[in-house]
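J.: The following comprises the amino acid sequence and a computationally predicted model.
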Protein chains: 2
Amino acid sequence: MTRREAFCRHWIVVWGPAQDVASDRVMATVLDAEKPDFVVYLGDLVTANNVPIPNATLYWDMAISHSRRRGIPWSTVFGNHDDMPFEWPPEWFSTAGIPPVHCPPAASMPTSECSFRGTPRIDLMTAEMNRDGADGLSRSSVGPQELWPGISNYVLRVLSHEKQPDPALLMYFLDSGGGSYPEVISSAQVRWFCYQSQSLNPDGRIPEIIFWHIPSTAYVKVAPKAKTEITKPCVGSLNEEDVAPQVAEWGMMDALAKRSSVKAIFVGHNHGLDWCCPYEKLWLCFARHTGHGGYGDWPRGARIVEIAEKPFSVRSWIRMENGSTHSHITLS
Amino acid sequence: MTRREAFCRHWIVVWGPAQDVASDRVMATVLDAEKPDFVVYLGDLVTANNVPIPNATLYWDMAISHSRRRGIPWSTVFGNHDDMPFEWPPEWFSTAGIPPVHCPPAASMPTSECSFRGTPRIDLMTAEMNRDGADGLSRSSVGPQELWPGISNYVLRVLSHEKQPDPALLMYFLDSGGGSYPEVISSAQVRWFCYQSQSLNPDGRIPEIIFWHIPSTAYVKVAPKAKTEITKPCVGSLNEEDVAPQVAEWGMMDALAKRSSVKAIFVGHNHGLDWCCPYEKLWLCFARHTGHGGYGDWPRGARIVEIAEKPFSVRSWIRMENGSTHSHITLS
């Protein structure tokens, strides 16, 4: 989410490479401690509004490089900062003058290549897939064109150890918007989900889990009051702000809630929340703020999800940078 | 200026081609009534946040076509709407589905060509100059690269009838930002103005007038209280809102106020203001909202400026669409 007021005053000093180093440290620490089989990057990998170059794919690539280096497959979804346009600080126009910006040096005049309007989602995802798709470790996808402007809409089938080739789990990834377009999950995405889930899992035998970046309005309904203790049935450690939900709800939650195969939704967005709460028959969970971009100085960590096939279970906890774990919960 | 709240609810219905027809009628009526020697388009020619196509140069061209058709030379400056990104209405994601958008038909997947991030200033201006620059009627210019991201920074010399090749008048055009970057005139633009005015008019013998889109904070200082009568020394007919000024003042007004050769500044931006007020030794004037884009339903018109060489005078009035004139004033 955006903290614009604080942002405009402080980010040149506070945000930048030093944060990337700190983010790297968190990711390396968590990955080495947990040695996961798979990583989900849950959006806002890039603070594009802070990137004064015409092409941010390199930064996107840096963010996912920890998984690549360890040979761990991964998938990505978009958050609201990934394709935001660069936000010119008004101070850049003051007496210090506008700092040199990284335009193509050959250009005799400013060109649209140099417009800093954020690298489009499709370019970020295409770059990831060109480098790491197909035979690489990325399991991301650009999703069907009819869901455009949302891009990160796709399903991954986790195959069974017991009874291949049946999947043991379906992981749905959705683009919850933000940045270059409103923070919503569209009706077209709902129709796509219904079609996919009916095709892949018509009798609901396969458990399903869901990932997107911005909490739906249902999160607001189940949220413990901000800055109060998190009590049962919710489980978590961080409850420092109000849920910042999508701008509208156009049927995704109804579609999910009526499928008993759907066990949990995982979102990011709110840096100051890390709880899971029940909503009808599924769980609504926040991940844990992992990187050092954006607002908030709560200790960094990551949500871990452990799936067991037989008997089926989804267990989850938060792994902190300092090595501790907390907020253990069973989501099935 | 932006009226975002009203905008998001109503613009699909209210804004669009019908407004363009109405704008055309105003421009044709005023041009045919006044038969001016020159037209200044003072920004917000295009409501780019309302343009769901990747290239808005055609709309820009439509806006200036009235001058071309009449053989009248013109110049343009940028407002805060001209290169704004398209603003996706949240309603487009509801059950009606996302309407088809005008992507390149050959594209097998969405491309960055289809990102609707607004047509960059440089592309709008380059298209105008390619069509109408050099031997054409456009006197616009892209300005020096060191003033980037501001583009419409240039000077026009109006030659003397009496004593060529001395100019009788200097017209300075400045890009006051907005849209893709903050609403400011930068320190670099101030230095550029000082250098230009010193070079072209070292002894201040040549009168100078200034054009940009967004009022400087000095306008706030001299403004009659909104919705009160406009009284002397101010002259005007419309005082329906507060001045919406630039976000900061980094020296442009000081540079102008200390040159006695500078007679007046003309700005647009506020649709509900059309006054001129004195500020130190110069006049701060609003134009009159001419087009039908954006907020407000005050009757449309245009500010006319009449320059006489000997004795030098700058007279101005508002020409309304209904043929009437009012708010006559002498600015020298």
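T.: Perfect, thanks for sending it. Predicted model only: the values in this text are computed from it and were never measured.

J.: is A:Gln315 in a bridge, and if so with what?
T.: Small correction: residue A:315 is Arg, not Gln. Residues in a beta bridge with A:Arg315, per DSSP bridges, are A:Glu306, A:Thr330.

J.: which stretches of chain A form helices?
T.: In chain A, the helices defined using DSSP state H lie at A:4-14, A:17-34, A:57-69, A:121-132, A:187-200, A:217-222, A:252-257.

J.: Most tightly packed of these?
T.: helix A:121-132 (a mean of 21; mean count of other C-beta atoms under 10 Å in any protein chain shown). Where C-beta positions appear, they are placed from N, C-alpha and C, glycine not excepted.

J.: Tell me the gap between it and the middle of its chain.
T.: Averaging C-alpha positions (C-alpha atoms, centre = their mean, to the nearest Å) puts helix A:121-132 16 Å from its chain's average.

J.: so how far is A:Ala248 from the residue in the stretch 101-250 of chain A that chain B sits nearest to?
T.: Across the stretch 101-250 of chain A, the shortest distance to chain B (C-beta to the nearest C-beta) belongs to A:Ser186, at 3.7 Å. Computed as C-beta to C-beta, to the nearest Å, the A:Ser186 to A:Ala248 distance reads 9 Å.

J.: Now list whatever residues contact both of those two.
T.: Counting by C-beta atoms under 8 Å, 6 or more residues apart in numbering or on different chains, the residues touching both A:Ser186 and A:Ala248 are B:Phe93, B:Ser94.

J.: who has more neighbours, the two?
T.: Neighbours per residue (other C-beta atoms under 10 Å in any protein chain shown) separate A:Ser186 from A:Ala248, with A:Ser186 holding more: 31 against 16.

J.: What is the burial count for the closest residue to the more buried one other than its chain neighbours?
T.: Nearest residue to A:Ser186 in three dimensions, chain neighbours excluded: B:Phe93, at 3.7 Å (C-beta to C-beta, 6 or more residues apart in numbering or on different chains). Using other C-beta under 10 Å, B:Phe93 has 27 neighbouring residues.

J.: Enumerate every residue touching B:Phe93.
T.: By C-beta under 8 Å, 6+ apart, the neighbours of B:Phe93 are A:Gly177, A:Pro182, A:Val184, A:Ile185, A:Ser186, A:Ser187, A:Ala188, A:Ala248, A:Trp250.

J.: any chance of these in a markdown table, with pLDDT and distance to A:Val30 too?
T.: Formatted as a markdown table, the contacts of B:Phe93 follow (pLDDT from 0 to 100; distance: C-beta to C-beta, whole Å):
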| residue | pLDDT | distance to A:Val30 |
| --- | --- | --- |
| A:Gly177 | 97 | 27 |
| A:Pro182 | 96 | 32 |
| A:Val184 | 97 | 30 |
| A:Ile185 | 97 | 28 |
| A:Ser186 | 96 | 33 |
| A:Ser187 | 95 | 36 |
| A:Ala188 | 94 | 35 |
| A:Ala248 | 96 | 34 |
| A:Trp250 | 95 | 34 |
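
J.: Walking through chain A, point out its strands one by one.
T.: Secondary structure of chain A (DSSP state E): strands located at A:39-41, A:74-76, A:154-159, A:167-173, A:208-211, A:262-267, A:276-279, A:282-286, A:301-309, A:312-320, A:325-330.

J.: now those in TSV, with mean neighbour count and distance to B:Asp83?
T.: Listed next are those as TSV, based on neighbours: other C-beta atoms under 10 Å in any protein chain shown; distance: least, C-beta to C-beta, whole Å:
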stretch	mean neighbour count	distance to B:Asp83
strand A:39-41	24	31
strand A:74-76	23	30
strand A:154-159	17	33
strand A:167-173	21	33
strand A:208-211	24	35
strand A:262-267	24	33
strand A:276-279	19	42
strand A:282-286	26	37
strand A:301-309	19	39
strand A:312-320	19	43
strand A:325-330	15	46
